[in-house]
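Visitor: one predicted model, sequence on top.
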Amino acid sequence: MFLLTRMLVQLEGECLSVISQNCNNSSALAEAILGALDLLTAGVVMVNSGSQVLFMNRVAEDILSESDGLEIVSDILQVSTDGSLAPIQEVLRAQIGFFSISTPEVVSVCVRRSSGTPLTVVVRTASALVGNGNSANATTLVFILDPDRPVGISRADLRQLYGLTYTESNLVNWLVDGKTLEECRVLLGVRPSTVRMHLRNVLGKTGTASQGELVWLLFKNLGLVGTPQPFNEGSKKPSPPSHHKTIC
Amino acid sequence: MDLSQTVVRVFCREGCNCPSCSALKPAADRPRIRAFFDRAAKSKQPVRDEKVSASPTGNPQSMISMGLEALDCLNIGLLISTPDCRLLQANRTGQHILQAGKFVGVDPAGILRTVKGVRPTLAEIVRKVTEPSGSEKSEGPHVVTTMRGVVSEHGITMITAKPQIFPESSPAPAVPLILFSPSAGAAASSAALNSIFSFTSAEAIMANLVLEGLSRNDCGSCLKIRPTTVAFHLKNMFRKTGSRCEAQLISKLFKAIGLIQSASADAVAIHDDSRTRQLPDVVNGLEYDAGNHSRSVTRPRYLPK
């Protein structure tokens, strides 16, 4: 463990020295990192101590554009609590009392909204890495998770990685999206024995032992990156279940 | 095809019009990030618009550290390399993956190396995304490579995005490599699970084991409880999440919590490849969590009260 920590420190130092050598490359580096954040299926927003939005990824933009529960009013990220809007930093201050500049804190808040299940908002307060201990410069990371957003893994990826067929990819996408096998059977319009056969084939191809393990594996490997929606490619809005039926 | 493989997905080149690419990288996207940096560069004259406001923190350096930290919180490894595989930057999770040395490692000169026996090598993958297209046209616009490891265990999913090239400003493009390691644990705090699903502390511990990918029997033997107790907890979790089977429960948990590290990071040993050693840490951390935290606030234990 000690050795690991030492190696880690050494590696970190190495990285920092490399970065200082490539100072004029830092904007390309930052763009690469922010581009990576844009691939995620979780919303990521960076706000400063005044709740002003510094950066948000595409999913965060999408969720915030609905202005339900969380809103952006004149650059300031606002949370609706009991019907009134308040800047997110004030809500956090009310929750945790004070901000410790040196140690990052993780606070999770459940934001109710008028339609659908509540949004999960996880906030990581500023760490010592940024802002040189100056609270005015402290940046806070806000993660927004919307349980109602469908998870879609592209058929091409599933075919390439596990060799799944068209029907199998549909089945897998519904399972990952939280449907039961019975619901998948209805969507596919086949008999229970057929859908069980498809599932058995999928389990064989992915090397998993159970339906739960399959869902776990796909979430861990592919479900967290913004691959296109498999049923309605190119469109941003999730396709309703009725649309699935027409395809099958 | 088994799980002992490293999966590499290489996204297409710029200018590609395939549906998956246009969904991933709409044309409006690049100018958005670009505009941010233009504004950040001249932060002395603050410009405001609806999306991004220039502020003292809006410099690339702080964005780099915040971005890396964001991916760390999500348990996703990120390596940034030059086209000749020199490591420019790595977040903590990425460094852990490099340290484990199962698939990729870094040599003293700072060059990323693929572990012997893993094919294709990282150099080949990076070359595929940085070289001008032409030779690969027959393969189609979407290049997907499957890399097999030598050890039989869960592989790492690596996603290589096309480098963002500034023609005028940057001398070398930076290639982001996104790494997912299934063995990296998700640690949702019991406080978070309580506020979302009103789970009890025992259910929160179970939920974390389920997010680790453990089966019913493994959960029981790990927590040293009987199968009937496991079934009892699971039944209550099904009721609280409104799910009907284990797969649905896993899906709902992932959608609501994702891979966000909401438990105290120091209490949880992540990236330890042997699960049996790792799990007691998770459980201890959560037990501590459950005792000390209010309903919706997670506070690391070393903080002054």
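Guide: Right, received. Where do you want to start? It should be emphasised that the depicted structure is a prediction, and the values quoted were computed from it without experimental measurement.
Visitor: from here on, just use CA atoms for contacts and neighbour counts.
Guide: OK.
Visitor: can you tell me the SS state at A:Gly116?
Guide: Three-state assignment for A:Gly116 (DSSP: H, G, I helix; E, B strand; the rest coil): coil.
Visitor: which SS class is the residue lying closest to it once chain neighbours are set aside?
Guide: Excluding its sequence neighbours, the residue lying closest to A:Gly116 (C-alpha to C-alpha, 6 or more residues apart in numbering or on different chains) is A:Asp148, at 6.9 Å. Using three-state DSSP, the structure places A:Asp148 in coil.
Visitor: thought A:Asp148 was touching A:Thr120?
Guide: No: the pair A:Asp148 / A:Thr120 is not scored as a contact, 10.9 Å apart, by C-alpha atoms under 8 Å.
Visitor: and the two? which has more neighbours close in?
Guide: Neighbour count, other C-alpha atoms under 10 Å in any protein chain shown: between A:Asp148 and A:Thr120, A:Thr120 has more, with 23 against 16.
Visitor: list the beta-bridge partners for that one.
Guide: In this entry, A:Thr120 is beta-bridged to A:Cys110, A:Leu145, by DSSP bridges.
Visitor: look up how far A:Val111 lies from it.
Guide: Counting by C-alpha to C-alpha, to the nearest Å, the separation of A:Thr120 from A:Val111 is 6 Å.
Visitor: what's the burial count for the nearest residue to A:Arg155 once chain neighbours are set aside?
Guide: Nearest residue to A:Arg155 in three dimensions, chain neighbours excluded: A:Ser169, at 5.8 Å (C-alpha to C-alpha, 6+ apart). A:Ser169 has 23 neighbouring residues, counting by other C-alpha under 10 Å.
Visitor: next one: B:Lys116
Guide: Neighbourhood size, B:Lys116 [other C-alpha under 10 Å]: 12.
Visitor: cool, A:Gly189 as well?
Guide: Per other C-alpha under 10 Å, the neighbour tally for A:Gly189 reads 13.
Visitor: now do the one 4 residues further on
Guide: Residues within reach of A:Ser193, counting by other C-alpha under 10 Å, total 10.
Visitor: could you do A:Ala94 as well?
Guide: The tally of other residues near A:Ala94 (other C-alpha under 10 Å) stands at 10.
Visitor: please name every helix or strand in contact with the helix or strand where it lies.
Guide: For A:Ala94, the element it lies in under DSSP states H and E is helix A:88-96. Judged by 3 or more C-alpha pairs under 8 Å, 6 or more residues apart in numbering or on different chains; DSSP states H and E, the packing partners of helix A:88-96 are strand A:76-81.
Visitor: mind pulling up the pLDDT for B:Ala231?
Guide: Listed pLDDT for B:Ala231 reads 93.
Visitor: got a list of contacts for the helix or strand hosting A:Glu71?
Guide: Per DSSP H and E, A:Glu71 falls inside strand A:70-73. The contact list for strand A:70-73, computed with C-alpha atoms under 8 Å, 6 or more residues apart in numbering or on different chains, reads A:Leu64, A:Ser65, A:Leu77, A:Gln78, A:Val79, A:Ser80, A:Val111.
Visitor: please redo it, this time with the cut-off set to 7 Å
Guide: For strand A:70-73, contacts defined as C-alpha atoms under 7 Å, 6 or more residues apart in numbering or on different chains pick out A:Leu64, A:Leu77, A:Gln78, A:Val79, A:Ser80.
Visitor: list the contacts for the third one?
Guide: Spelled out, it's A:Gln78. Per C-alpha under 7 Å, 6+ apart, neighbours of A:Gln78: A:Leu70, A:Glu71, A:Ile72, A:Leu85, A:Ala86, A:Pro87, A:Ile88.
Visitor: per-domain residue ranges of the chain.
Guide: I'll assume chain A. Listed by automatic domain parsing, the domain ranges of chain A are A:40-145, A:155-247.
Visitor: if you could check chain B rather than the one you did, that'd help
Guide: Split by automatic domain parsing, chain B gives B:5-180, B:190-292.
Visitor: and those domains, which one is worst for confidence?
Guide: domain B:5-180 (a mean of 59).
Visitor: can you name the residues bridging to A:Asn48?
Guide: A:Thr139.
Visitor: now do it, the pLDDT please.
Guide: pLDDT, A:Asn48: 77.
Visitor: out of the domains of chain A, the one nearest B:Leu88 is which?
Guide: domain A:40-145 (18.1 Å; C-alpha to C-alpha).
Visitor: what ranges does the stretch 201-305 of chain B have for its helices?
Guide: Taking DSSP state H, counting those that start in this stretch as the test, the helices found in the stretch 201-305 of chain B are B:201-211, B:216-223, B:227-241, B:246-257, B:275-292.
Visitor: same thing with chain A?
Guide: A:2-21, A:26-38, A:58-65, A:88-96, A:155-162, A:166-176, A:181-188, A:192-206, A:211-221, A:241-247 (DSSP state H).
Visitor: how many neighbours does whatever residue of the stretch 201-305 of chain B ends up closest to chain A have?
Guide: Closest contact between the stretch 201-305 of chain B and chain A, by C-alpha to the nearest C-alpha, is at B:Ala247 (4.0 Å). Residues near B:Ala247, counting by other C-alpha under 10 Å, number 25.
Visitor: just to revisit the earlier point, wait, isn't the residue nearest to A:Arg155 in contact with A:Ser154?
Guide: No: A:Ser169 lies out of contact with A:Ser154 (C-alpha atoms under 7 Å); the separation is 8.1 Å.
Visitor: quick one: low-confidence parts of chain A?
Guide: Within chain A, the ranges that satisfy pLDDT under 70 run A:1-28, A:82-83, A:95-105, A:126-138, A:223-248.
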